[in-house]
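**Student:** need a structure here:
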Amino acid sequence: MAEERKKRLKLIADLIRQNEVPDQEDLGKRLLDKGVVVSQATLSRDLAALGVRKIRFKSGQMGYCMPQEVRIRGMERGSKRSSDAPVYPRPVPETYGFQGISFASSLIVVRTLPGYAARLSIEIDTLLHPGIAGCVAGTDTILIAVADGHTKEEVLTALSDVLPEALLFF
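**Tutor:** This is a model prediction of the structure:
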């Protein structure tokens, strides 16, 4: 089930990045074209998990955008700013300065922009996942120790509650 969700989230992110997707109905049809059947409720939860935003594209049409692309592709719904003005979406990976994930033995290394690691580590600690033995933050790096008997994949799946894009790293 988690593997299916991970693939679906990656596909949704790719579809939104590559197309101007105006609404859930259109996204559902695009997923169906790729062989993925999903209910509206599941699609809605997936969009929320990915932190997807509704914006006005430079073309003038409203549609979905991955959170880290809000400033590039348009502006937030209801905004009267020009499309070049900065937009600040709700706390999702990019607002934590999320840069990437790598692995070292039984450690997961999360990179952020300088100053963001502590805030993100608090979110990770609040997960209280049994697969996370501990979490230590520096200025721009978080080390997550994977607990004995658990896999990195389990922890990454848990991290997706805080970092939806973490699912794209395995």
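
**Student:** Rounded mean pLDDT for the longest helix anywhere in the chain, please.
**Tutor:** Ranked by residue count, the top helix of the chain under DSSP state H comes out as helix 2-18. Averaging pLDDT along helix 2-18 yields 86.

**Student:** Could you list the alpha-carbon positions for the helix or strand that comes right after that helix in PDB?
**Tutor:** Per DSSP states H and E, the first helix or strand lying C-terminal to helix 2-18 is helix 24-33. Only the C-alpha atoms of helix 24-33 are listed here, as PDB (Å, rounded to 0.1, in the frame of the first residue of the first chain):
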ATOM      1  CA  GLN A  24      -8.900  17.500  -9.600                       C
ATOM      2  CA  GLU A  25     -11.100  16.300 -12.400                       C
ATOM      3  CA  ASP A  26      -8.400  17.000 -15.000                       C
ATOM      4  CA  LEU A  27      -5.700  15.500 -12.700                       C
ATOM      5  CA  GLY A  28      -7.900  12.400 -12.200                       C
ATOM      6  CA  LYS A  29      -8.200  11.900 -16.000                       C
ATOM      7  CA  ARG A  30      -4.500  12.300 -16.400                       C
ATOM      8  CA  LEU A  31      -3.900   9.700 -13.700                       C
ATOM      9  CA  LEU A  32      -6.400   7.400 -15.400                       C
ATOM     10  CA  ASP A  33      -4.600   7.800 -18.700                       C
END
